[in-house]
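> Provided below for reference: sequence and predicted model.
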Amino acid sequence: MATELFGEEVEATFRRVREAALGGETKTVQVGGQSKTLPYPFPSPGDWRDCWVYFLMLDRFDNPSAPPAGAWDRRFDFRQGGTFNGVRRRLDYIAALGARAVWLSPVLKNSRPDSWRYNYHGYGIQDFLNVDERFASDGTRETAERELAALVEEAHARGLYVVLDIVLNHASRVFDYVRGGQTVEEFGDASVMSAPLGQEPPVRWLNGFGQPREDWEDELPAPSSLSPDDAVWPRDLQRREFFRRRGTKLTDFAPPGGFARGDFGSMRQLVAEYDAQASGEQDLRERYGRQPVLSMLIRAHQYLIARYDVDGFRIDTVKYVAPDAVQTFGNAVREFALSVGKQNFFTFGEVYDNEQTIANFVGRNSTEVEGFGIDAALDFPLFYKLPRAAKGQEGVEAVREVFRERKRAVEGLISSHGEAGRFFVSFLDNHDQKERFNHPQTPPAQVTLGLAALFCLQGIPCLYYGTEQGLDGTRDAQGRPDLGSMESVREALWGKPGAFDQNHPLYRQIQSLSRVRRDEPALRYGRIYFREVSGNGRDFGQPSGAGGVLAFSRVLNEREVLLAANTGPSTFEGFVLVDRDLRRSSQRRRVAYSNLGTQGAGDVRVIPDARFHQEGAVSTGAAAALFVRLAPSEAQIIVPA
């Protein structure tokens, strides 16, 4: 059990993985009764746009040994009991769905008291070096380590990459504050938040039962007298100065750029930018470098790569960390991965904000430090618009504007706007929302229309677990929808009757979308053009308004793939513009996918005197257009025949 980031046990792990990379080692993994030989370390994918992501919460996914601790579809604030082995036994299920990557909620050890509400999600880390034993089949750390390693190996054997959720912004509630002689869990005193360094309130570290110790005020005893459940680990982090100690910052009102100096609720913020040189701590600098906390975070996560051979990190609450620290972390992780043969290790961050704030963190706009920063961000700008537009609750032009703004943001930074998809992981819902996209009142066709748009738009699609089984949020005791908290969308999937049904209609629809995306490179790499539509075959304009037609093409080389989706309640019959100059030898088109099962084909028509209406002006000219008939909430993916 490693307890020091810069101890011999961690260093031995680094040596071992470097030797394996240099020696071209392999591993043999048993899958489905067959042996598969894999390179070790496992190489990265050539392009992450080939790898749409299945995101699951470990505690809420599956456990082959026990049912959920509470009713699977009721709001439950405590651990349900999902395990690594639960994920292992569903890897074939995930691969058959079409996913190429699995994103796991955090695996590192969280604070011990199971009586604490919300300690199941993994984001309250108490030990940044060791895996949480509660995800093991027998509740021991040794088994947890072995079963996580086996999960990753068996995923690789099935062609699945593994992304771990990590946290740089904060640790768990590892201490409480002393205010007026009393111990308090949280406070939001603005005067303390803005006080000069060195005037933070005293803290009392918590023991493994979640109790603050009066005799552990500010300073901790020697690590040898602490249990693994006490305070914070590894021992390198056991200094109060490495934590902000400013109380709760209302993160919804973070300053421009997002960096918030304060705790994340009761979870204690780390000072990632702590400067040992400015603090005059020469011994600290000699051991850890100028930024010791950042060095520790980097080394801890390099250890995760070396120990478990994972393929990427999703970084939680990136918005609240200093951008230059995030960029340094991204560069350091990338270089370590390169040194062990992972040439395209993937890092993407949660930047819950607009395009401009995202640009402060993502490598394509990195200007603060030498290097590239993190690779991508969750696509919140698209999330703010696509789900509502797909349900006819917001104008379809809102989706178009997201990509128009993105083109402006990346102009001069990339060689083709088709590359923009590398920088965003797109989604319709996740564990941090209070409702699933599949709301109880959402018709099935609207769900599949939204999924079709997600799989066709630029970005790396990410599917939230249970979507494919129709999960739509928790219920109250009377069976009515019980929405309104994040626990409402965190059902224990394995408790659902008939869970993991590969014949579920949504599972089959997602399989079909995945095949089309796999078979059409334009949907992964292509440029995007939002198309004008016409009801009369002559007057064309960009569709707008709630319930309008969402129409866009993805173009790669000479191939154009069109998505046409009717977000309204009435049938649409009309024309959609396509590129007149592509594939001039064959203008035949066919429906490769329809969420309503429509089949058919048609020819592109040339309209010599089309009128184009744009911002009050009218121009005329020749156009190429395709006739489409879309039932209410129908999405069609149309490809060259």
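Cool, the structure landed.

> Mind listing the strands the longest strand anywhere in the chain pairs with, and their directions?
In the chain, taking DSSP state E as the definition, the longest strand is strand 617-630. The strands beside strand 617-630 in its sheet (DSSP bridges) come out as strand 572-578 (antiparallel), strand 605-614 (antiparallel).

> Contacts made by the shortest one with the rest, please.
Right, strand 572-578. 531-537, 540, 549, 551, 553, 560, 562, 564, 566, 589, 604-605, 607, 623-630 (Cβ atoms under 8 Å, 6 or more residues apart in numbering). (Each C-beta comes from the backbone N, C-alpha and C, glycine too.)

> For it, what is the distance to the chain centroid?
Computed by Cα atoms, centre = their mean, to the nearest Å, the chain-centroid distance of strand 572-578 equals 35 Å.

> quick one: buried residues of it?
572, 574-578 (16 or more other Cβ atoms under 10 Å).

> Kindly report the same for the longest one.
When neighbours are counted by 16+ other Cβ under 10 Å, the buried residues of strand 605-614 are found to be 607, 610-612.

> can I assume residue 475 is in contact with residue 491?
No. In this structure, residue 475 is not within contact of residue 491 by Cβ atoms under 8 Å, at 9.5 Å.

> Helices of the stretch 501-641 of the chain, start to end?
Using DSSP state H, counting those that start in this stretch, the helices of the stretch 501-641 of the chain run over residues 505-519, 522-525.

> Mind putting these into TSV with mean neighbour count?
Formatted as TSV, those follow (neighbours: other Cβ atoms under 10 Å):
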stretch	mean neighbour count
helix 505-519	18
helix 522-525	23
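
> right, so of the ones you listed, which gets closest to residue 324?
For the helices of the stretch 501-641 of the chain, proximity to residue 324 was assessed by Cβ to Cβ; helix 522-525 is nearest, at 31.0 Å.

> so what secondary structure elements neighbour that closest one?
helix 505-519, strand 549-556, strand 559-566 (3 or more Cβ pairs under 8 Å, 6 or more residues apart in numbering; DSSP states H and E).

> The longest one packs against which elements?
Identification of packing neighbours for helix 505-519 by 3+ Cβ pairs under 8 Å, 6+ apart yields helix 91-97, helix 444-456, helix 522-525, strand 588-594.

> mind listing what residue 90 touches?
61-62, 500.

> Would you reformat the residues you listed as JSON lines and include neighbour count?
Formatted as JSON lines, these follow (neighbours: other Cβ under 10 Å):
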{"residue": "61", "neighbour count": "24"}
{"residue": "62", "neighbour count": "25"}
{"residue": "500", "neighbour count": "18"}
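
> circling back: out of the strands paired with strand 617-630, point me to the one whose mean pLDDT is lowest.
Mean pLDDT per stretch puts strand 605-614 lowest among the strands paired with strand 617-630, at a mean of 94.

> what comes into contact with that strand?
With Cβ under 8 Å, 6+ apart as the criterion, strand 605-614 contacts 532, 534, 537-542, 575, 580, 618-627.

> ok now it, how far from the chain's centre?
42 Å.

> again with stretch 37-52
The answer for stretch 37-52 is 18 Å, by Cα atoms, centre = their mean.

> According to the record, where do the domains of this protein fall?
44-169+283-497, 170-271, 522-640 (automatic domain parsing).

> Just put the helices and strands packed on helix 522-525 in a markdown table and tack on distance to residue 283 and mean pLDDT.
Below are the helices and strands packed on helix 522-525 laid out as a markdown table (distance: least, Cβ to Cβ, whole Å; pLDDT from 0 to 100):
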| stretch | distance to residue 283 | mean pLDDT |
| --- | --- | --- |
| helix 505-519 | 54 | 98 |
| strand 549-556 | 56 | 97 |
| strand 559-566 | 60 | 97 |
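
> As CSV, those with distance to residue 401 would be great.
As requested, these are exported to CSV (distance: least, Cβ to Cβ, whole Å):
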stretch, distance to residue 401
helix 505-519, 24
strand 549-556, 12
strand 559-566, 17
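
> mind listing the helices for the stretch 51-200 of the chain?
Using DSSP H, counting those that start in this stretch, helices in the stretch 51-200 of the chain cover 84-88, 91-97, 141-157, 190-193.

> nearest to residue 99, of the strands paired with strand 617-630?
When the strands paired with strand 617-630 are compared (using Cβ to Cβ), the closest one is strand 572-578, at 30.1 Å.

> Using CSV, write out every CA atom in that closest one.
Taking Å, rounded to 0.1, in the frame of the first residue of the first chain, the C-alpha atoms of strand 572-578 are listed here in CSV:
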residue,chain,number,x,y,z
PHE,A,572,-42.6,18.5,-42.9
GLU,A,573,-42.4,18.0,-46.7
GLY,A,574,-39.9,20.1,-48.5
PHE,A,575,-36.4,20.5,-49.8
VAL,A,576,-33.0,20.7,-48.1
LEU,A,577,-30.0,22.3,-49.9
VAL,A,578,-27.0,20.1,-50.4
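
> can you give me how far the one helix or strand in the chain whose mean pLDDT sits lowest is from the chain middle?
Using mean pLDDT, DSSP states H and E, helix 190-193 stands out as the lowest-scoring helix or strand of the chain, at a mean of 70. Counting by Cα atoms, centre = their mean, helix 190-193 is centred 33 Å from the centre of its parent chain.

> now do stretch 457-475
With Cα atoms, centre = their mean, you get 12 Å for stretch 457-475.

> What of stretch 354-361?
That offset, for stretch 354-361, works out to 16 Å (Cα atoms, centre = their mean).

> got it, and stretch 271-281?
31 Å.

> Likewise for stretch 434-444?
20 Å.

> Only the buried residues of stretch 325-340, if you could.
Neighbour counts over stretch 325-340 (16+ other Cβ under 10 Å) mark 325-334, 336-337, 340 as buried.

> same thing with stretch 9-27?
10, 13-14, 17-18, 20-21, 27.

> Show only the entries of those residues found in strands.
residue 27.

> Identify, from the buried residues of stretch 9-27, the entry nearest to residue 310.
residue 17 (11.7 Å).

> Is it correct that that closest one is in contact with residue 23?
No. With contact defined as Cβ under 8 Å, residue 17 and residue 23 do not form a contacting pair (10.7 Å).

> Strands of the stretch 401-550 of the chain, start to end?
424-426, 460-464, 527-530, 533-534, 539-541, 549-556 (DSSP state E, counting those that start in this stretch).

> Of these, which is nearest residue 49?
Nearest of those (Cβ to Cβ): strand 460-464, 5.7 Å.

> pLDDT (mean, whole number) over the closest one?
98.

> Next, the angle from it to helix 505-519.
Here the directions of strand 460-464 and helix 505-519 differ by 170 degrees (axes from the mean of the first three to the mean of the last three Cα atoms, to 10 degrees).

> Strand 460-464: which residues count as buried?
460-464.
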